[in-house]
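>>> No letters, just coordinates:
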């Protein structure tokens with residue numbers, strides 16, 4: 001076993017040492033993901049639609065090319081041109097893919113927007129991006145209707161539900177099937193997409209990426225999915241394709257490698273339904289955010305109840321934690337390959353069970369092609385065991401071009417050639433990175449700097465806890481104390497005795513410094529559209545509680 005482990009570690013080292021980026025002079029995401037397959041193998045399956053009755057419908061690469069050409073011509077006829085922003089407000093669907101491809105073929109900039117956004121969130125992003133066109137459905141049109149008067153740049157609105165809503169219908173707008181499109185020639189650094197940050201630390205910013213961003217994701221994608229593509233591979237994610245995770249961790253790289261992408265009805269994540277979908281469609285590769293992984297843990301004996309074909313699981317977006325890691329290994333028989341990135345520089349750390357590059361509680365090691373380190377406030381690299389900020393060195397094709405119309409914010413994102421993530425971490429002597437928390441998530445208590453992720457991971461290991469958020473509550477003696485907001489599993493009843501049991505559960509497993517001195521039971525843990533716990537909500541609540549307590553004492 002030791003020799004095998006050494007051999008796998010050597011393989012990882014060889015991959016890192018021998019890796020070289022090959023960036024062509026001309027590159028277009030639509031051509032790379034779809035058109036080249038459509039030329040050589042037009043009937044090859046690109047997408048598989050799963051319906052409410054459990055049926056499946058394949059969509060070929062040839063169909064995607066033909067219909068995206070037709071949509072690009074329709075948008076061009078309506079005045080859209082190179083550099084224009086085209087907003088895409090749709091759930092997972094064929095039309096979502098067509099809208100992306102059409103934007104890339106025009107040399108325009110795709111602006112993906114989450115279907116769960118409300119009117120205010122949509123208005124902000126449409127206004128900031130200056131989107132000239134919106135491809136959406138009737139639900140999206142209804143949300144935008146109330147704010148459209150404040151969007152002077154928005155000239156074209158197309159609905160996938162047809163023209164009855166007052167907007168143009170997408171299928172009706174398409175140019176004839178025999179119409180010929182000459183796509184714009186694009187270079188790797190030409191803008192391709194604008195993905196808004198999740199806004200966990202302030203107003204969302206539009207991170208502008210070039211076409212090269214896809215190239216930057218390919219090494220990590222093959223790494224975390226253990227040398228995909230293999231015969232029979234089939235990808236699925238519950239993540240919205242409007243998020244960098246759904247779009248760049250699953251959809252686009254899978255299409256690039258010729259791996260069919262499964263998608264199903266748009267609805268809140270349900271663990272039983274997720275297992276049913278994966279079994280019915282033969283999913284072999286899944287990208288599952290940690291929140292989804294933790295929800296899947298509530299399903300008993302999934303391997304016995306569902307005919308699963310899963311080969312690989314990639315997970316990112318928050319800290320997965322030891323409990324979910326061990327559950328995946330022990331119950332599913334799969335090493336969950338955790339990886340790390342953010343909207344501005346994604347898929348830079350990763351794990352690969354096939355190479356033995358995996359460790360519970362770690363977010364991985366540098367993916368071949370990416371230089372990642374922990375640095376201090378001056379940009380100095382820190383040694384193993386030090387707490388520092390995770391940083392990624394440029395040049396690197398996965399690093400964003402800029403924040404849209406935010407030059408000062410763009411400059412602040414870098415210390416010389418290091419892109420600073422705002423995430424605190426620790427690297428061990430073997431080179432594994434462990435995520436501690438965002439700068440503003442760290443809890444300072446009695447001189448200790450405590451990351452919330454490890455506490456939350458421990459909390460969900462308690463048999464009564466479904467989800468949890470750990471934050472610092474201001475305290476006159478300790479600066480802050482750890483407070484846990486806990487959502488219980490169905491059937492569990494909140495009580496002071498249970499709160500004490502939860503505190504003790506964490507204390508004996510972590511330390512006296514890290515256990516929550518206060519536990520509050522809540523009905524809901526708010527999440528971003530990307531599945532991250534919105535700790536800011538609970539930090540604000542804890543601060544209000546501390547102020548009220550201080551006023552009462554006064």
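Happy to help now that I have it. Computed from a predicted structure; not experimentally measured.

>>> So in this protein, where's the weakest helix or strand by average pLDDT?
strand 448-450 (a mean of 64; mean pLDDT, DSSP states H and E).

>>> starting at the chain centroid, how far to the helix or strand just after that one?
Next helix or strand after strand 448-450 toward the C-terminus (DSSP states H and E): helix 452-459. When distances are taken as C-alpha atoms, centre = their mean, to the nearest Å, helix 452-459 is centred 20 Å away from the chain's centroid.

>>> For residue 492, list the residues it contacts.
Residues in contact with residue 492 (C-beta atoms under 8 Å, 6 or more residues apart in numbering) are 464, 498. Quick note: C-beta positions are derived from backbone N, CA and C, even for glycine.

>>> Now do the contacts for residue 130.
Residue 130 neighbours (C-beta under 8 Å, 6+ apart): 85, 153.

>>> I'd like the distance from it to residue 518, if you could.
Distance of residue 130 to residue 518, given as C-beta to C-beta, to the nearest Å: 46 Å.

>>> Residue 492 too?
Between residue 492 and residue 518 the computed distance is 18 Å (C-beta to C-beta).

>>> ok, now residue 261?
From residue 261 over to residue 518 (counting by C-beta to C-beta), the distance is 44 Å.

>>> quick one: which of these two has more around it?
Ranked by neighbour count (other C-beta atoms under 10 Å), residue 261 and residue 518 place residue 261 first, with 24 against 15.

>>> Verify the stated contact: residue 343 with residue 403.
No. When contacts are counted by C-beta atoms under 8 Å, residue 343 is not listed as touching residue 403 (10.1 Å).

>>> Find residues that contact each of the two.
With C-beta under 8 Å, 6+ apart, residue 343 and residue 403 have common neighbours residue 207.

>>> Residue 500 should be in a helix, yeah?
Yes. Assessed by DSSP: H, G, I helix; E, B strand; the rest coil, residue 500 belongs to a helix.

>>> Quick check, pLDDT for it.
Residue 500 is assigned 95 on the pLDDT scale.

>>> What count of nearby residues applies to it?
Residues near residue 500, counting by other C-beta under 10 Å, number 11.

>>> what does residue 26 give?
Counted with other C-beta under 10 Å, residue 26 comes out at 11.

>>> so what's it up against?
Applying C-beta under 8 Å, 6+ apart, the residues contacting residue 26 are 185, 186, 187, 188.

>>> List buried members of those by neighbour count.
Buried by 16 or more other C-beta atoms under 10 Å: 186, 188, out of those.

>>> where does the stretch 351-500 of the chain dip in pLDDT?
Flagging of the stretch 351-500 of the chain using pLDDT under 70 yields the residue ranges 439-440, 444, 446-449, 451.

>>> And the helices in it?
Using DSSP state H, counting those that start in this stretch, the helices of the stretch 351-500 of the chain run over residues 407-412, 452-459, 496-509.

>>> which stretches of the chain aren't confidently modelled?
In the chain, residues with pLDDT under 70: 1-10, 198-202, 439-440, 444, 446-449, 451, 511, 529-531, 552-554.

>>> doesn't residue 418 make contact with residue 378?
No. With contacts counted by C-beta under 8 Å, residue 378 stays clear of residue 418, the gap being 10.2 Å.

>>> In the protein, spot the helix with the most residues.
helix 535-553 (DSSP state H).

>>> just checking, what packs against that one?
On a contact count with 3 or more C-beta pairs under 8 Å, 6 or more residues apart in numbering; DSSP states H and E, helix 535-553 meets strand 465-475, strand 479-488.

>>> Please name the strands paired to the shortest one in the sheet, noting orientation.
The partner list of strand 479-488 in its sheet, established with DSSP bridges, is strand 465-475 (antiparallel), strand 518-521 (parallel).

>>> Tabulate those strands in JSON lines, adding columns for distance to residue 278.
Output for these, formatted as JSON lines (distance: least, C-beta to C-beta, whole Å):
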{"stretch": "strand 465-475", "distance to residue 278": "21"}
{"stretch": "strand 518-521", "distance to residue 278": "32"}
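
>>> Burial-wise, tell me which of these comes out on top.
strand 465-475 (a mean of 23; mean count of other C-beta atoms under 10 Å).

>>> So what's the gap between that strand and the chain middle?
23 Å.

>>> Likewise for stretch 545-554?
39 Å.

>>> which of the residues in it are buried?
Of all the residues in stretch 545-554, those buried under the rule 16+ other C-beta under 10 Å are residue 546.

>>> Out of the helices of the stretch 351-500 of the chain, which is the most enclosed?
Buried most deeply of the helices of the stretch 351-500 of the chain, by mean count of other C-beta under 10 Å, is helix 452-459, with a mean of 26.

>>> what is the orientation angle of it with strand 465-475?
Relative orientation of helix 452-459 versus strand 465-475 (axes from the mean of the first three to the mean of the last three C-alpha atoms, to 10 degrees): 140 degrees.

>>> Mind listing residues that contact helix 452-459?
Outside helix 452-459, the residues touching it (C-beta under 8 Å, 6+ apart) are 318-324, 361, 435-437, 441-443, 465, 468-471, 482, 484, 486, 502, 505-506, 509-510, 514-516, 533, 535.

>>> Show me how this protein divides into domains.
For the chain, automatic domain parsing gives the domain ranges 26-210, 211-354, 371-438, 441-553.

>>> how long is the shortest one end to end?
Between the opening and closing residues of domain 371-438 we find a distance of 20 Å, counting by C-alpha to C-alpha, to the nearest Å.

>>> Repeat that for the longest one.
Between the opening and closing residues of domain 26-210 there is a gap of 12 Å (C-alpha to C-alpha).

>>> Residue 269: what's its closest spatial neighbour, skipping adjacent residues?
The shortest distance from residue 269 to any non-neighbouring residue, by C-beta to C-beta, 6 or more residues apart in numbering, is to residue 238 (5.2 Å).

>>> Now do the same contact list for that neighbour.
Contacts of residue 238 (C-beta under 8 Å, 6+ apart): 269, 274, 288, 289, 292.

>>> which one of those residues is nearest residue 147?
residue 269 (27.9 Å; C-beta to C-beta).

>>> Tell me if I'm right that the closest one and residue 294 touch.
No. Residue 269 is beyond contact range of residue 294, at 10.8 Å (criterion: C-beta under 8 Å).

>>> show me what contacts the residue nearest in space to the middle of the chain?
The centre of the chain sits closest to residue 245, judged by C-alpha atoms, centre = their mean, with a distance of 2.6 Å. Contacts for residue 245 (C-beta under 8 Å, 6+ apart) come out as 237, 239, 287, 289, 316, 317, 530.

>>> ok, and the most crowded of those?
With neighbours taken as other C-beta under 10 Å, the top of the contacts of residue 245 is residue 316, carrying 30 neighbours.

>>> now residue 22: how far from residue 215?
Taken as C-beta to C-beta, the span from residue 22 to residue 215 is 8 Å.
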